[in-house]
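Novice: coords please:
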Amino acid sequence: MMPKVIAALTRDHTNILKLLDILESEILAIEVGKTPDFPLMQDIMRYMSEHSDRFHHPKEDLIFAKLLRRDPDVRADVEDLIEEHFLIRITGQEFAALLRTSGVDSVYARERLGIAGSTYVRAQRDHMNKEERNLFPLAAQLFTEKDWQDLDEASETIDDPLFDEMTADDYQRLYRLIAERSESGATGP
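Specialist: Residues are numbered from 1 along each chain as shown. The predicted structure follows:
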């Protein structure tokens with residue numbers, strides 16, 4: 001049976017990938033000269049900072065800390081991932097700040113927005129791939145049942161304001177769009 005914390009993190013990654021797909025399609029719109037859905041992109045980035053940065057990454061950090069205690073040889077990998085959490089937060093904040101000034105419609109502003117968005121999406125994807133390919137399987141090998149119980153208890157259950165049963169009012173529009181795209185199989189704007 002998969003530990004609760006890994007199941008939750010894996011579910012988060014799946015949901016984050018859905019949001020990154022939407023961001024990517026909106027960034028593509030920018031790159032081809034179309035007007036993207038700026039409010040949608042702002043909603044996604046608000047979710048990423050309010051949920052992922054505040055609740056998802058700290059759960060991973062608990063796993064990383066325990067990994068260091070079990071196998072000091074993974075220090076460099078763990079330190080890289082912890083630094084990536086910080087860098088992802090910073091690149092996300094930069095992208096979100098550019099989105100807030102998205103009314104400026106110059107070629108330069110659009111180019112900066114596209115680059116910042118692409119950098120953020122790529123960093124998120126690369127980071128999740130490293131965790132799922134390297135660190136989560138290593139944790140599965142090294143951790144005892146007691147380790148997983150401790151981690152499950154330490155990572156309190158937090159309702160996801162977008163993907164849980166009771167989607168928060170602030171995220172209703174975003175949730176409907178994701179559901180529509182999932183049903184139609186669409187990935188573009």
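Novice: most distant residue from the middle of the chain?
Specialist: Within the chain, the residue lying farthest from the chain centre (C-alpha atoms, centre = their mean) is Ser106, at 28.8 Å.
Novice: Now do the helices in the chain.
Specialist: In the chain, the helices defined using DSSP state H lie at 4-31, 38-47, 57-70, 75-100, 107-130, 136-142, 145-154, 172-184.
Novice: what's the burial count for Arg54?
Specialist: 12 (other C-beta atoms under 10 Å). For glycine as for every other residue, the C-beta is placed from the backbone atoms N, C-alpha and C.
Novice: Over to Arg46?
Specialist: Arg46 has 16 neighbours, counted by other C-beta under 10 Å.
Novice: Averaging pLDDT per element, find the lowest-scoring helix or strand in this protein.
Specialist: One helix or strand of the chain scores below all others by mean pLDDT, DSSP states H and E: helix 172-184, with a mean of 76.
Novice: what's the offset of that one from the middle of its chain?
Specialist: Helix 172-184 sits 18 Å away from the centroid of its parent chain (C-alpha atoms, centre = their mean, to the nearest Å).
Novice: Show me which residues of that helix are buried.
Specialist: For helix 172-184, a neighbour-count test (16 or more other C-beta atoms under 10 Å) marks 174, 178, 181 as buried.
Novice: tilt between that helix and helix 4-31?
Specialist: Angle of helix 172-184 versus helix 4-31, following axes from the mean of the first three to the mean of the last three C-alpha atoms, to 10 degrees, is 90 degrees.
Novice: what are the C-alpha coordinates of helix 172-184, in CSV please?
Specialist: The C-alpha coordinates for helix 172-184 follow below in CSV (Å, rounded to 0.1, in the frame of the first residue of the first chain):
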residue,chain,number,x,y,z
GLN,A,172,-14.8,27.7,-9.5
ARG,A,173,-14.0,29.2,-12.9
LEU,A,174,-10.6,27.4,-13.1
TYR,A,175,-12.1,24.1,-11.9
ARG,A,176,-14.8,24.3,-14.6
LEU,A,177,-12.2,25.0,-17.3
ILE,A,178,-10.1,22.0,-16.2
ALA,A,179,-13.1,19.7,-16.2
GLU,A,180,-14.2,20.9,-19.6
ARG,A,181,-10.7,20.3,-21.0
SER,A,182,-10.5,16.9,-19.4
GLU,A,183,-13.8,15.8,-20.9
SER,A,184,-13.0,17.1,-24.4
